[in-house]
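**Student:** okay, structure incoming, though there's no sequence with it:
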């Protein structure tokens, strides 16, 4: 399913802000055409179900609620920033102008207070030809990513579309399994080293050479005689 987006914008152009009469109408008309071309490019080149208020001008619409409802329901709000939109977002616009953009801005500000992470994910400011990046409200500069879109072809929209579709420009290769790394260093200790001096069981030495001979019978008799004479000497000496 294609991601959905509301294109939030101010109908007043920067170029028409200082113009009057037909010149102002022409400047605002050119700005309207730029924003509409951008919206259609999102649909054609970007695979984004982008919507904008002027596409529903022929319908019976409750404009007091349409923009704010769309801002709540859509996956993203693509904010086309110019000086007029920034004034409405910052609450500095005249009470008689731009009620639709003000209502959308109020929804976004409410989201900002409620869930900063969701605000950063959902709100995407863009700067189109005819506007200036210096018009970005300070609140948006420090909280979310924004894009300067100079052309409405696939190349010009690519960074913005990566943001909407969640497509990385640089992809790392998968992590491989750990290689087999044999242990190195000293060999296994012997029993003598393992137990240390005076520790562990003593080893019996193997018997070498011929076995001990039993004494002969005459040897035993001689030894008994010697022992008997020794006892008698001690008894006589008292």
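**Tutor:** Received, thanks. Nothing here was measured: the structure is a model prediction, and the numbers come from that model.
**Student:** who's in contact with the helix or strand hosting residue 23?
**Tutor:** Secondary structure from DSSP states H and E places residue 23 in helix 21-44. By CB atoms under 8 Å, 6 or more residues apart in numbering, the residues outside helix 21-44 that reach it are 5, 7, 9, 11-16, 19, 48-52, 54-55, 78, 80, 82, 126, 128-130, 149, 152-153, 157. To be clear about C-beta, it is placed using only N, CA and C from the backbone, and glycine gets the same treatment.
**Student:** those residues, buried ones only, as a ChimeraX selection?
**Tutor:** Buried residues among the contacts of helix 21-44 (16 or more other CB atoms under 10 Å), as a ChimeraX selection:
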select :5,7,9,11,12,13,14,15,16,48,50,51,52,78,80,82,126,128,130,149,152,157
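**Student:** okay, and which of the contacts of helix 21-44 map to helices?
**Tutor:** Mapping the contacts of helix 21-44 onto helices (DSSP state H) picks out residue 157.
**Student:** what about the contacts of helix 21-44, which are in strands?
**Tutor:** Residues from those lying in strands, with DSSP state E as the criterion: 5, 7, 49, 50, 51, 78, 80, 126.
**Student:** okay, now the unreliable bits of the protein?
**Tutor:** The model of the chain has pLDDT under 70 over residues 93-99, 143, 186-238.
**Student:** again, only this time at 90
**Tutor:** Applying pLDDT under 90 to the chain picks out residues 12, 14-21, 61-65, 67-68, 87-114, 116, 119, 138-145, 182-238.
**Student:** what about residue 58, which SS state?
**Tutor:** coil (DSSP: H, G, I helix; E, B strand; the rest coil).
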